[in-house]
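pasting the sequence and the predicted model now:
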Amino acid sequence: MKQPFAPGDRVQVAPSYHWAHSALGTVRQPPDHIVKFADGWRGNVREVPSLKGLLLFQWVEFDVPQEDCDGDGPYIEGEIDLEYLEAAV
């Protein structure tokens, strides 16, 4: 399983992700109101059970606000599936 990034790490979202295509950003701790209402947060990683096994998500603050796949937004931050995050170069 891929290792999570630490808060402050610079990342890029994969172009194949369903939103925030190729966005650059910084991994952050999720805001308190997100942790309070979304189950599964352990530090800066959210664990979500799925049919494919355990999915890991991380909170990313985007360099440039992003629209989601429905055209909503722009969002300055959001959770991204760890499998679609790479270290920014």
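All right, it came through fine. These numbers were taken from a predicted model, which means no experiment stands behind them. Numbers count the residues shown, from 1 in each chain.

worst-scoring helix or strand of the protein, pLDDT-wise?
helix 32-37 (a mean of 88; mean pLDDT, DSSP states H and E).

which other residues reach whatever helix or strand comes next after it?
For helix 32-37, the following helix or strand on the C-terminal side (DSSP states H and E) is strand 41-42. Strand 41-42 is contacted by residues P30, I34, V35 when judged by Cβ atoms under 8 Å, 6 or more residues apart in numbering. The way it works is simple: take the backbone N, C-alpha and C, and place the C-beta from them, glycine included.

packing partners of the next helix or strand after strand 41-42?
Moving toward the C-terminus from strand 41-42, the next helix or strand (DSSP H and E) is strand 45-50. Packing partners of strand 45-50 (3 or more Cβ pairs under 8 Å, 6 or more residues apart in numbering; DSSP states H and E): strand 53-66.

mind listing the strands the regular element (helix or strand) spanning G78 pairs with, and their directions?
Per DSSP H and E, G78 falls inside strand 75-81. The pairing partners recorded for strand 75-81 under DSSP bridges are strand 53-66 (antiparallel).

now the residue nearest to the spatial centre of the chain: closest residue in space, sequence neighbours ignored.
Closest to where the C-alpha atoms of the chain average out (Cα atoms, centre = their mean) is I80, at 2.3 Å. Nearest residue to I80 in three dimensions, chain neighbours excluded: V60, at 5.1 Å (Cβ to Cβ, 6 or more residues apart in numbering).

got it, and F62?
G25 (4.3 Å).

residue at max distance from the center of the protein?
L51 (19.7 Å).

can you list the weak-confidence ranges in this protein?
Residues of the chain meeting the criterion pLDDT under 70: none.
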